[in-house]
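Trainee: Show me the folded form of this:
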Amino acid sequence: MLLSEDGRVDARSVEMALPAAAGGVVSGASAGTLAERVESFERELLLAELKRHKFHMTEAAKAMGLERSHLYKKCQQLGVDLQTLKTDVGS
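Mentor: Below you'll find the predicted structure:
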């Protein structure tokens with residue numbers, strides 16, 4: 001989600017919304033096909049939101065503008081193992 005004070009989204013707004021990485025390239029996005037890069041970016045973003053919301057699926061889904069069921073499906077599509085992640089966080 002991009003927020004802009006004046007209702008316009010410019011290049012600076014986009015840069016600020018993207019995760020920072022060495023050399024200004026989104027991590028994991030420097031190699032592979034466009035589809036692979038998009039999938040990698042989605043996985044990183046999804047994992048970051050899940051961690052930010054302490055794996056509370058309803059809150060994470062709401063923050064990303066998704067239905068909870070869609071978030072579960074997206075995790076499955078991206079190979080995100082929620083059981084393992086929750087166990088690792090609880091340890």
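
Trainee: Kindly tell me how buried residue 81 is, as a neighbour count.
Mentor: 11 (other CB atoms under 10 Å). Heads up, the C-betas are built off the backbone N, CA and C, glycines and all.

Trainee: what are the phi and psi values for it?
Mentor: phi -90, psi 100 (degrees, to the nearest 10).

Trainee: same for the longest helix seen in the chain, what does it pack against?
Mentor: For the chain, the helix with the greatest residue count under DSSP state H is helix 34-52. Secondary-structure packing of helix 34-52 (3 or more CB pairs under 8 Å, 6 or more residues apart in numbering; DSSP states H and E): helix 57-63, helix 68-77, helix 82-90.

Trainee: Give me the buried positions along the second one.
Mentor: It stands for helix 68-77. Neighbour-count burial for helix 68-77, counted by 16 or more other CB atoms under 10 Å, picks out 71, 74, 75.

Trainee: Just the closest of these to residue 42, please.
Mentor: Here the nearest of the buried residues of helix 68-77 to residue 42, counting by CB to CB, is residue 74; it sits at 7.3 Å.

Trainee: I figured the closest one was touching residue 45, is that so?
Mentor: No - using CB atoms under 8 Å, residue 74 is not in contact with residue 45, being 10.2 Å away.
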